[in-house]
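Student: 3D model of this:
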Amino acid sequence: MNTHTVFVSLRSWTFVLLATIAQPLLASGSAQGSDWQTATPSDMNFAADLPDQLDTALGGDFYDGVHSVVLARGGKLVYERYLSGDDEIFGLTKEGVVFSPERLHDIRSITKSVVGLLYGIALKDGLVPQLDTPLFRAFPEYPDLPRHPRRREILVSHALSMTMGLEWDEMSQPYGEFSNSENAMYRVSDSIRFALDRPISVTAGTVWTYSGGATALLAEIIRRGTAGDLIEFAEEELFRPLGIERFEWITDYNGLPYAAAGLRLRPRDTAKLGQLVLQSGRWNGRQLVPAEWIAISTVSHAEAVDGCSYGYQWWLCQTQGGLKVIEGSGWGGQNLLIVPDLDLVLVVNAGFYGDSEAWMRAYGLLEDVIIPSIRAD
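Tutor: Below you'll find the predicted structure:
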């Protein structure tokens with residue numbers, strides 16, 4: 001594993017954080033595994049002029065700030081486009097970036113969905129606790145915390161569904177402020193204790209609260225069960241089999257990856273994660289993630305916001321026409337949209353950091369351009 005050290009500003013924090021970016025260089029897989037087969041829009045039952053329609057949309061003011069778009073259907077790449085603009089690398093501003101198929105991009109909180117996939121892989125191998133296991137059993141070094149009976153009710157499944165019942169405010173407070181719970185977690189010496197020791201607000205399993213802390217706890221459980229290295233586990237069990245040849249996972253002072261938002265991938269490789277979900281965890285004839293895990297993690301376990309529900313580290317939303325969308329969503333307009341009924345994966349990366357409605361660009365392309373261009377059988 002090759003690493004180098006850089007100064008990275010955590011999101012838009014006012015201080016500079018010394019972090020390490022892990023850059024494994026992986027061996028190529030098979031033809032399907034290492035990259036995508038391509039098809040024309042007509043081959044995939046789209047209107048032949050879909051690329052022109054998408055290019056026209058991307059030229060409009062509403063989409064100014066989109067960096068890349070990748071569209072696949074039926075397991076084949078139908079459209080990809082790369083633009084230029086200002087970006088951030090985990091909060092470090094980069095001006096005038098020219099994006100390309102080989103350039104890595106922050107996927108921010110889509111990282112949470114990757115951690116969810118990794119938990120399913122580790123669970124299959126008996127490396128992590130079952131879903132009905134009390135969460136605090138995984139952290140015996142904090143014997144004082146589960147003394148409260150309501151804490152003992154928190155299960156691993158509640159961390160997966162973000163229904164732990166602990167106070168956490170990540171959505172109403174701006175990233176960059178200590179009042180934001182995720183930022184506060186990364187500014188203390190013991191981030192795991194911080195995530196576990198939040199005040200109890202409601203009974204576990206009853207209310208959804210968006211929480212990077214929940215994902216950090218899951219990642220730590222995986223790390224402990226897999227010889228102490230989450231990144232190597234991800235490389236061996238998920239990235240290499242998918243033919244993901246390069247990635248970066250930003251880590252903290254202690255070498256722990258930022259599980260909630262630290263991954264950087266090529267847009268094509270983010271799309272592979274979506275295709276893997278469409279294929280019920282199977283890739284190149286190998287079952288990477290148990291089909292049962294894909295099924296249970298992509299059904300609703302809690303009502304979320306904006307008309308969406310939440311599975312196990314996946315958003316579950318709908319198009320205006322009622323089509324189910326399995327979504328990985330990251331700050332700044334990083335979106336992985338999976339539409340099972342259309343056998344379709346859409347990846348959008350963007351630089352709309354600070355825009356709480358950045359996700360609307362991906363849905364705009366999907367609902368206003370892509371779905372209407374599908375030809376009737």
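Student: and the most centrally placed residue in the chain, what are its phi and psi?
Tutor: With distances taken as Cα atoms, centre = their mean, the residue of the chain nearest its centroid is Ile110 (1.4 Å). Main-chain torsions, Ile110, degrees, to the nearest 10: phi -60, psi -20.
Student: Chain neighbours aside, what residue packs nearest to it?
Tutor: Gly328 (3.7 Å; Cβ to Cβ, 6 or more residues apart in numbering). No exception for glycine: its C-beta is placed from N, CA and C like everyone else's.
Student: Then that neighbour would be within a helix, right?
Tutor: No. Counting by DSSP: H, G, I helix; E, B strand; the rest coil, Gly328 is not found in a helix; it is strand.
Student: Can you tell me the number of residues neighbouring it?
Tutor: 27 (other Cβ atoms under 10 Å).
Student: contacting residues around it?
Tutor: Applying Cβ atoms under 8 Å, 6 or more residues apart in numbering to Gly328 gives the contacts Ile107, Ser109, Ile110, Lys112, Ser113, Thr270, Leu273, Gly274, Trp314, Trp315, Asn335, Leu336.
Student: Number of residues surrounding Asp341?
Tutor: By other Cβ under 10 Å, the residues close to Asp341 number 10.
Student: Can you classify it by secondary structure?
Tutor: helix.
Student: before we move on, back to that, my guess is the residue nearest to the centre of the chain meets Gly330, correct?
Tutor: Yes. If you go by Cβ atoms under 8 Å, Ile110 and Gly330 touch, sitting 4.6 Å apart.
Student: on that earlier part again, quick one: mark the members of the contacts of Gly328 that sit in helices.
Tutor: Within those, residues falling in helices by DSSP state H are Ile110, Lys112, Ser113, Thr270, Leu273, Gly274.
Student: ok, so of those, who is nearest Asn180?
Tutor: Checking the ones in helices among the contacts of Gly328 against Asn180 by Cβ to Cβ gives Lys112 as the nearest, at 15.9 Å.
Student: That closest one and Pro143: what is the separation?
Tutor: Computed with Cβ to Cβ, to the nearest Å, the distance linking Lys112 and Pro143 is 28 Å.
Student: next one: Gly225
Tutor: Gly225 is 20 Å from Pro143, by Cβ to Cβ.
Student: These two - which one has more neighbours?
Tutor: Using other Cβ under 10 Å, the more surrounded residue of Gly225 and Pro143 is Gly225, with 19 against 9.
Student: where does that one land on pLDDT?
Tutor: Here, the pLDDT recorded for Gly225 equals 97.
Student: what do you get for Asp377?
Tutor: With respect to pLDDT, Asp377 scores 68.
Student: In contact with Gln320, which residues?
Tutor: Counting by Cβ under 8 Å, 6+ apart, Gln320 touches Glu367.
Student: And what about it, helix, strand or coil?
Tutor: Per three-state DSSP, Gln320 ends up coil.
Student: Buried residues, stretch 157-174. List them.
Tutor: Ser157, His158, Ala159, Leu160, Ser161, Met162, Thr163, Met164, Gly165, Leu166, Trp168, Glu170 (16 or more other Cβ atoms under 10 Å).
Student: what does stretch 301-321 give?
Tutor: Within stretch 301-321, the residues that count as buried by 16+ other Cβ under 10 Å are 301-302, 304, 308-317, 319.
Student: what residues are up against the spatially closest residue to Val299 that is not a sequence neighbour?
Tutor: Distances taken as Cβ to Cβ, 6+ apart place Gly311 nearest to Val299, at 5.9 Å, with adjacent residues excluded. Applying Cβ under 8 Å, 6+ apart to Gly311 gives the contacts Ser161, Ile296, Ser297, Thr298, Val299, Ser300, His301, Ile326.
Student: got it, and Leu323?
Tutor: Leu323 makes contacts with Val339, Asp341, Leu342, Ile371, as judged by Cβ under 8 Å, 6+ apart.
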